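Engineer: Provided below for reference: sequence and predicted model.
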Amino acid sequence: MSLNCLRVVPHSLKKPRFFHLSYLRSSSSSSSSAVIVAMSYTKELAAAKKAASLAAHLCQKVQKALLQSDVQSKNDKSPVTVADYGSQALVSFALQQEFPADFSLVAEEDSEDLRKDGAQETVERITKLVNESITNDGSYNVTLSTEDVLKAIDSGRSEGGSQGRHWVLDPIDGTKGFLRGDQYAIALALLDGGKVVLGVLACPNLPLTSIGAAGQHSPNNEVGCLFFAEVGGGTYMQPLDGSSAVKVQVTAVENPEEASFFESYEAAHSMHDLSSLIAQKLGVKAPPVRIDSQAKYGALSRGDGAIYLRFPHKGYREKIWDHAAGCIVVTEAGGVVTDAAGKPLDFSRGKYLDLDTGIIVTNQKLMPLLFSAVRESIKEKAASL
Ligand SMILES: Nc1ncnc2c1ncn2[C@@H]1O[C@H](COP(=O)(O)O)[C@@H](OP(=O)(O)O)[C@H]1O
Ligand SMILES: [Mg+2]
Ligand SMILES: [Mg+2]
Ligand SMILES: [Mg+2]
């Protein structure tokens with residue numbers, strides 16, 4: 001059997017920073033003899049940070065001058081903007097420049113709607129935005145045509161899976177927040193052998209200081225955070241303007257009464273009534289902090305709050321780009337991310353995450369209590385229907 005499986009060493013056993021162990025079983029041999037290879041993703045992480053930062057600047061520019069004509073509606077009626085497309089084209093272009101030989105990208109958007117009659121003006125606007133970003137950055141001496149931009153968007157059509165390397169991109173996570181002028185994130189992760197090995201979250205509107213219930217806002221309200229994590233290397237946060245990075249950790253809170261929790265701003269994305277039942281059972285006193293996007297994972301990784309609860313309504317299937325980067329950002333900061341049955345999220349099965357009921361996130365100490373409260377609350381809610 002051909003197998004290229006990558007096992008992540010338990011957190012407590014991790015020794016060298018920025019390295020993890022990869023067990024490669026040769027396809028020509030059926031024996032279980034394993035070769036231990038030290039893997040580092042330094043180049044990939046640097047490229048991901050750069051690509052996400054470029055995309056964040058493009059998004060900031062569009063959000064400032066948001067025009068109604070910049071918003072389209074996709075087939076599923078969810079919104080998509082020139083910034084979603086521009087961000088995806090830019091990240092795809094930047095990563096392909098760095099890794100031309102081995103490039104696979106699983107990303108949210110595609111060019112189907114942009115190739116329809118009447119979309120030419122929008123495509124030209126996206127192309128202009130992408131080229132302005134490339135010119136301002138100065139590292140790439142090229143000008144993309146509209147067809148180049150459409151192709152860059154479409155190179156995100158990979159299906160991912162358990163073999164090889166795949167980039168996973170949400171060019172704007174929290175498009176609804178973006179449109180409201182609230183939180184959103186550019187979320188980029190790398191899968192290797194079906195595991196998330198690095199993640200970057202650019203959160204242009206997230207304050208540099210805590211947004212938790214008891215959070216202190218910085219006196220000048222500075223915003224713009226870049227979170228990044230590599231397997232075995234911990235999680236760091238730096239201002240999006242490029243100044244130096246600091247290591248972050250999830251909260252050490254053990255008493256649920258002192259914990260605060262995050263959930264989606266959009267009630268359509270997560271059952272707020274179920275979260276409030278769980279919070280009540282745990283004795284959480286603070287009101288929920290409701291914000292859009294994977295900025296929730298970023299905020300949790302630096303201890304702004306202790307818990308993130310996400311319970312989509314029945315029938316919704318979570319996508320890997322909505323959680324891959326956030327998941328490693330939180331786990332490398334010492335947190336735990338599972339589904340409502342306590343199972344780790346499995347990113348190896350293509351673009352969907354097949355999970356039980358919802359996603360719960362907290363620190364190691366609180367997880368057993370949270371898990372019990374979640375199980376009881378799900379049972380109670382089901383019995384009351
Ligand atoms: N009915 C639904 N239930 C759960 N999640 C949904 C949803 N409809 C959309 N989403 C996802 O929720 C994401 C936003 O997350 P949050 O609720 O944490 O702000 C969206 O990402 P996009 O904005 O990238 O489309 C989208 O993928
Ligand atoms: Mg979307
Ligand atoms: Mg998303
Ligand atoms: Mg998106």
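Structural biologist: Noted; the coordinates are in hand. Ligands and ions are numbered 1, 2, ... in the order given.
Engineer: please report phi then psi for residue 323.
Structural biologist: phi -140, psi -20 (degrees, to the nearest 10).
Engineer: next, the buried residues of stretch 54-63.
Structural biologist: Neighbour counts using 16 or more other Cβ atoms under 10 Å place 54-60, 62-63 of stretch 54-63 among the buried residues. Where you see a C-beta, it was placed from the backbone N, CA and C, and this is true even at glycine.
Engineer: that stretch close to ligand 4?
Structural biologist: No. Using Cβ under 5 Å from the ion, we find that stretch 54-63 stays clear of ligand 4, coming within 10.8 Å at best.
Engineer: likewise stretch 188-208?
Structural biologist: No. If you take Cβ under 5 Å from the ion as the test, stretch 188-208 misses ligand 4, and the best it gets is 11.7 Å.
Engineer: return the distance of stretch 46-62 from the chain's centre.
Structural biologist: 14 Å (Cα atoms, centre = their mean, to the nearest Å).
Engineer: among the buried residues of stretch 54-63, which lie within helices?
Structural biologist: Mapping the buried residues of stretch 54-63 onto helices (DSSP state H) picks out 54-60, 62-63.
Engineer: need those in a markdown table with distance to residue 115 and pLDDT, can you?
Structural biologist: Formatted as a markdown table, these follow (distance: Cβ to Cβ, whole Å; pLDDT from 0 to 100):
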| residue | distance to residue 115 | pLDDT |
| --- | --- | --- |
| 54 | 24 | 98 |
| 55 | 22 | 98 |
| 56 | 27 | 98 |
| 57 | 27 | 97 |
| 58 | 21 | 97 |
| 59 | 23 | 97 |
| 60 | 27 | 96 |
| 62 | 21 | 94 |
| 63 | 25 | 92 |
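Engineer: got those residues as CSV, with distance to ligand 2 columns?
Structural biologist: Output for those, formatted as CSV (distance: Cβ to the ion, whole Å):
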residue, distance to ligand 2
54, 20
55, 15
56, 17
57, 20
58, 17
59, 13
60, 18
62, 15
63, 15
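Engineer: out of those, which is nearest to residue 168?
Structural biologist: residue 55 (14.1 Å; Cβ to Cβ).
Engineer: I'd say that closest one and residue 171 touch.
Structural biologist: Yes. With contact defined as Cβ atoms under 8 Å, residue 55 counts as touching residue 171 (6.5 Å).
Engineer: now the common contact residues for the two.
Structural biologist: Listed contacts common to residue 55 and residue 171 are 86-87, 91, 186; contacts here mean Cβ atoms under 8 Å, 6 or more residues apart in numbering.
Engineer: nearest to ligand 3 among those residues?
Structural biologist: Nearest to ligand 3 among these is residue 186, at 10.3 Å by Cβ to the ion.
Engineer: the helix or strand containing that closest one pairs with which strands?
Structural biologist: Element membership for residue 186, per DSSP states H and E: strand 185-192. Using DSSP bridges, strand 185-192 pairs in its sheet with strand 165-173 (antiparallel), strand 195-207 (antiparallel).
Engineer: the ones you listed: which one's closest to residue 275?
Structural biologist: From the strands paired with strand 185-192, taking Cβ to Cβ, the stretch that ends up closest is strand 165-173, at 19.5 Å.
Engineer: what's the closest non-adjacent residue to residue 264?
Structural biologist: residue 270 (4.2 Å; Cβ to Cβ, 6 or more residues apart in numbering).
Engineer: the one you found and residue 135: what is the separation?
Structural biologist: Plainly put, residue 270 is 40 Å away from residue 135 if you go by Cβ to Cβ, to the nearest Å.
Engineer: so those two - more neighbours on which side?
Structural biologist: residue 270 (21 against 12; other Cβ atoms under 10 Å).
Engineer: contacting residues for the more buried one?
Structural biologist: Contacts of residue 270 (Cβ under 8 Å, 6+ apart): 263-264, 309-312, 358.
Engineer: cutoff 10 Å now
Structural biologist: Residues in contact with residue 270 (Cβ atoms under 10 Å, 6 or more residues apart in numbering) are 263-264, 290, 308-313, 316, 358-359.
Engineer: out of those residues, who's the most crowded?
Structural biologist: Neighbour counts for these, by other Cβ under 10 Å, peak at residue 309, which reaches 28 neighbours.
Engineer: quick one, what contacts the closest residue to that one other than its chain neighbours?
Structural biologist: Nearest residue to residue 309 in three dimensions, chain neighbours excluded: residue 275, at 4.4 Å (Cβ to Cβ, 6+ apart). Going by Cβ under 10 Å, 6+ apart, residue 275 touches 261-264, 284, 288, 290, 307-311, 358, 360, 374, 377.
Engineer: the strand or helix carrying residue 275: what's the following helix or strand?
Structural biologist: Under the criterion of DSSP H and E, residue 275 resides in helix 272-282. Per DSSP H and E, helix 272-282 leads on to strand 289-290 as the next helix or strand towards the C-terminus.
Engineer: what's that following strand packed up against?
Structural biologist: For strand 289-290, the elements it packs on are strand 261-263, helix 295-301, judged by 3 or more Cβ pairs under 10 Å, 6 or more residues apart in numbering; DSSP states H and E.
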